[in-house]
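Enquirer: Sharing a model that was predicted from the sequence below.
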Number of protein chains: 2
Amino acid sequence: MMLPSISPVDAAVVARVQQELDNKTKPLGSLGRLETLTSRYAAILGRDKLSAPKKAVVVMAADHGVAAAGVSAFPQSVTEQMLRNFAAGGAAINALAKSAGASLTVVNLGTLGETPQGVVNARIRQSSNNLLEMEALTEADVWAALEVGVKLAAELRAQGVTLLGVGEMGIANTTVAACLCAAFCRTDGTAWVGRGTGIDDAALARKHAVVEAALARHQPNPKNPIRVLCQLGGLEVIGLAGLMLGAASQRMAIIVDGFITSAAALAAAALDETVKHYLFASHLSTEPGHRLALNQLGLEPVLDLQLRLGEATGAALAMPLFDAGVAMLLEMATFESANVARRSETV
Amino acid sequence: MMLPSISPVDAAVVARVQQELDNKTKPLGSLGRLETLTSRYAAILGRDKLSAPKKAVVVMAADHGVAAAGVSAFPQSVTEQMLRNFAAGGAAINALAKSAGASLTVVNLGTLGETPQGVVNARIRQSSNNLLEMEALTEADVWAALEVGVKLAAELRAQGVTLLGVGEMGIANTTVAACLCAAFCRTDGTAWVGRGTGIDDAALARKHAVVEAALARHQPNPKNPIRVLCQLGGLEVIGLAGLMLGAASQRMAIIVDGFITSAAALAAAALDETVKHYLFASHLSTEPGHRLALNQLGLEPVLDLQLRLGEATGAALAMPLFDAGVAMLLEMATFESANVARRSETV
């Protein structure tokens, strides 16, 4: 597979839409990030084709060999149990995607357990290897996971989707994400390690040690992102990177969720930096690495909800802001059409 | 008129709903402020009666004598022009209320100009007095404005509204709001003065001087809130305080918008502190006094959009979070029902 090619978003179009917003009946720039979000979304979709977003949420899942190191508050069996919960409609993202008017696709990239009905079976292998002992994945695994994402993006675009929220499920994947962030941002692991689903102090200390040991063992080189992904994994994170690259090549807007999807975005950006033009932040997680990753991606969160769940829940919660932004652009009157005075010249 | 009586929200019910959320298939507390927002909303409405919120947005408008002091970036005629814009459907709040699925009621409490068709005419007088020269309103004006709000709340509740977003329009009303905040929080004016719709440095200096002069002239006593409202005004702010008191007495959840509605909330709380049980924050404005006012009210914003428009735009943008929260509570599976393991005992 070749990585899909991504066209940059035209800054001149973004500026033209912002100019259009500047003529609407409101003080200049007074709708803040709703304006910048909308002007970029409109430039991605094409101003003339703009209508209410068609929304989809994708959650990718896999297991991780490093779970054996005791870095999660939950047993590894929860990955499979949650796949069944997604399939049955009982997880948070089921409720929140439905509330946002988004379709939900759950994809199994590599769990230990079987794929329940209602989940897309794209299992490449049963879990990654424990990155403390060997490379997490083969190069073939990495390319296969990227391909799952790229293909799914094309399918969603063919269905008319314009706004894509991305999320993940995989016990121990904050540990993998911390390693990836450190690798792609050329730092040590310290700043990227947090409590994930809620580990205690002892597990947190283990997690710090695991991340440092993994980085020391593999010496990941960010100039060779495919090698980094082999060394560190994991399958759902790589699938999401492929999904983002594919979605950007299809000119879809992509809403990043929490820390792990931000790590996937960093991986995607290491493969093709132009993907950043298509990324939007949703919330600011309590996971400490999330803010650092968003900064690195040049993204500003729009929700302040203290979330730390994943599953694309933050991305789904941000979707109505795109509905609102499009409504603002398409429905608001201009100063001229409404006969409203602009700011005083004399005051 | 007597002020309506407000029942406290039962903390035991809030705790019971939170317990219910703690049994849902997600790490404990991992949906952050969406959980606290939902448990309080459910306790206000009654857990057994909970369903998707029925939403309404109310924007109250008036003019302010202090506009003569040159404290706004816009000419005073804009208040009336914007009323016409609301009536014609061209303002930001028209687009955003519609996008949120909320009805929109615009009420004229006291503009200089006439009330356009489509706006509720509850004009008590033409503008307040200039608070630099005399008291802004009479005691009869204040009670009349409160009554407009209280009555509207009862009408909305009779229509089945459960979630109310509040907003305002009135050139120069950030100056009035700054005076009110200083009065009710027993501070000087400094921290409460900002650029409003976007004034330059010279106007900002004037605005600081105006607020200090008003406070020095009237020496407002927060123990007598009705007197403070006479001294400082303004009609739409007082109407909103009445609306909040009425809505709380009718057990509706109230979403505060930006700085001016927060000042109205402080006025309402000075009249009956129990109103705070029913208030929710939406966004954090760039107006510096907004954070201080929210702190005083004990509210945490859920949106981070750098808004500074008013008109209830932030309140409308926050409404889908209530839909999402109710969906989370009503639709998510429990650990038991989904057969998902709780956190490991051993890790």
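Expert: All right, it came through fine. Numbers count the residues shown, from 1 in each chain, chains lettered A, B, ... in the order given.

Enquirer: What pLDDT is listed against A:Val347?
Expert: Among the per-residue scores, A:Val347 shows a pLDDT of 36.

Enquirer: Quick check, A:Asn108 in contact with A:Thr115.
Expert: Yes - under the contact definition of C-beta atoms under 8 Å, A:Asn108 touches A:Thr115, with a separation of 4.5 Å. All C-beta atoms are positioned from the backbone trio N, CA, C, and that covers glycine.

Enquirer: For those two, indicate the residue with more neighbours.
Expert: The neighbour count for A:Asn108 versus A:Thr115, taken as other C-beta atoms under 10 Å in any protein chain shown, is higher for A:Asn108 (29 against 19).

Enquirer: Just give the nearest non-adjacent residue to A:Pro4, would you?
Expert: Nearest-residue entry for A:Pro4: A:Ser249, 3.6 Å, with adjacent residues in sequence omitted and distances by C-beta to C-beta, 6 or more residues apart in numbering or on different chains.

Enquirer: how many neighbours does the one you found have?
Expert: Taking other C-beta under 10 Å as the definition, A:Ser249 ends up with a neighbour count of 21.

Enquirer: quick one: is stretch A:297-313 near chain B?
Expert: Yes - contact between stretch A:297-313 and chain B, assessed by C-beta under 8 Å from any C-beta of the partner chain, occurs at A:Glu300, A:Pro301, A:Val302, A:Leu303, A:Asp304, A:Leu305, A:Gln306, A:Leu307, A:Arg308, A:Leu309, A:Thr313.

Enquirer: dump the residue contacts of A:Val302.
Expert: For A:Val302, the contacting residues are A:Arg33, A:Leu34, A:Leu37, A:Ala281, A:Ser282, A:His283, A:Ala318, A:Leu321, B:Leu303, B:Asp304, B:Leu305, taking C-beta atoms under 8 Å, 6 or more residues apart in numbering or on different chains as the criterion.

Enquirer: and with 7 Å instead?
Expert: For A:Val302, the contact set (C-beta atoms under 7 Å, 6 or more residues apart in numbering or on different chains) comprises A:Arg33, A:Leu37, A:Ala281, A:Ser282, A:Ala318, A:Leu321, B:Leu303, B:Asp304, B:Leu305.

Enquirer: hang on, A:Asn129 packs against A:Gly110?
Expert: No - because the distance of 11.0 Å does not satisfy C-beta atoms under 7 Å, A:Asn129 is recorded as not touching A:Gly110.

Enquirer: just for chain A, where's the confidence low?
Expert: Low-confidence regions of chain A, defined by pLDDT under 70, span residues A:344-347.

Enquirer: So which residues of it form strands?
Expert: In chain A, the segments counted as strands under DSSP state E are A:55-62, A:102-110, A:120-121, A:163-169, A:253-255, A:279-280.

Enquirer: which parts of the stretch 1-150 of chain A sit against chain B?
Expert: For the stretch 1-150 of chain A, the residues in contact with chain B (C-beta under 7 Å from any C-beta of the partner chain) are A:25-28, A:30-34, A:70, A:72-75, A:77-78, A:81-82, A:85, A:88, A:90-92, A:94-96, A:98-99.

Enquirer: Just the buried ones among those, please.
Expert: A:25-27, A:30-34, A:70, A:72-75, A:77-78, A:81-82, A:85, A:88, A:90-92, A:94-96, A:98-99 (16 or more other C-beta atoms under 10 Å in any protein chain shown).

Enquirer: all helices for the stretch 151-300 of chain A, in order.
Expert: Ranges of helices in the stretch 151-300 of chain A, per DSSP state H, counting those that start in this stretch, are A:173-185, A:201-218, A:225-232, A:235-249, A:259-271, A:289-297.

Enquirer: looking at these, which is buried most?
Expert: Greatest average neighbour count among the helices of the stretch 151-300 of chain A goes to helix A:235-249 (a mean of 31), per mean count of other C-beta atoms under 10 Å in any protein chain shown.

Enquirer: and the gap between the residue nearest in space to the middle of chain A and A:Ala293?
Expert: Centroid check for chain A by C-alpha atoms, centre = their mean gives A:Val256 as the closest residue, at 3.0 Å. With distances taken as C-beta to C-beta, to the nearest Å, A:Val256 is found 9 Å from A:Ala293.

Enquirer: One more: A:Thr286?
Expert: With distances defined as C-beta to C-beta, the gap from A:Thr286 to A:Ala293 amounts to 14 Å.

Enquirer: on that earlier part again, any chance of JSON lines for the residues of stretch A:297-313 next to chain B, columns distance to B:Ser7?
Expert: Output for those, formatted as JSON lines (distance: C-beta to C-beta, whole Å):
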{"residue": "A:Glu300", "distance to B:Ser7": "40"}
{"residue": "A:Pro301", "distance to B:Ser7": "36"}
{"residue": "A:Val302", "distance to B:Ser7": "35"}
{"residue": "A:Leu303", "distance to B:Ser7": "31"}
{"residue": "A:Asp304", "distance to B:Ser7": "30"}
{"residue": "A:Leu305", "distance to B:Ser7": "28"}
{"residue": "A:Gln306", "distance to B:Ser7": "29"}
{"residue": "A:Leu307", "distance to B:Ser7": "32"}
{"residue": "A:Arg308", "distance to B:Ser7": "34"}
{"residue": "A:Leu309", "distance to B:Ser7": "33"}
{"residue": "A:Thr313", "distance to B:Ser7": "33"}
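
Enquirer: Among these, which one has the most neighbours?
Expert: Neighbour counts for the residues of stretch A:297-313 next to chain B peak at A:Thr313, which has 33 neighbours (criterion: other C-beta under 10 Å).

Enquirer: show me the contacts for that one.
Expert: For A:Thr313, the set of contacting residues under the criterion of C-beta under 7 Å, 6+ apart consists of A:Ala92, A:Ile93, A:Leu96, A:Gly167, A:Asp257, A:Leu307, B:Leu31.

Enquirer: surely the third one meets A:Ala318?
Expert: No - the pair formed by A:Leu96 and A:Ala318 falls short of the contact definition of C-beta under 7 Å, at 10.4 Å.

Enquirer: Quick check: closest non-adjacent residue to whichever residue of the stretch 201-347 of chain A sits closest to chain B.
Expert: Nearest residue of the stretch 201-347 of chain A to chain B: A:Ala333, at 2.7 Å (C-beta to the nearest C-beta). Take A:Ala333 and drop its neighbours on the chain: the residue closest to it by C-beta to C-beta, 6+ apart is B:Gly90, 2.7 Å away.

Enquirer: what about the residue lying closest to A:Pro27 once chain neighbours are set aside, neighbour count?
Expert: Leaving aside its chain neighbours, A:Pro27 sits nearest to B:Thr197 (3.9 Å; criterion: C-beta to C-beta, 6+ apart). For B:Thr197, the neighbour count with other C-beta under 10 Å is 20.

Enquirer: which residues does B:Thr197 contact?
Expert: With contact set as C-beta under 7 Å, 6+ apart, B:Thr197 has these partners: A:Pro27, A:Ser30, B:Ser72, B:Ala73, B:Phe74.

Enquirer: what does A:Leu232 give?
Expert: A:Leu131, A:Ala136, A:Val176, A:Cys179, A:Leu180, A:Ala183, A:Ala214, A:His218, A:Pro220.

Enquirer: Throw these into JSON lines and include distance to A:Met328, thanks.
Expert: Putting these into JSON lines (distance: C-beta to C-beta, whole Å) gives the following:
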{"residue": "A:Leu131", "distance to A:Met328": "46"}
{"residue": "A:Ala136", "distance to A:Met328": "44"}
{"residue": "A:Val176", "distance to A:Met328": "39"}
{"residue": "A:Cys179", "distance to A:Met328": "41"}
{"residue": "A:Leu180", "distance to A:Met328": "36"}
{"residue": "A:Ala183", "distance to A:Met328": "40"}
{"residue": "A:Ala214", "distance to A:Met328": "46"}
{"residue": "A:His218", "distance to A:Met328": "47"}
{"residue": "A:Pro220", "distance to A:Met328": "43"}
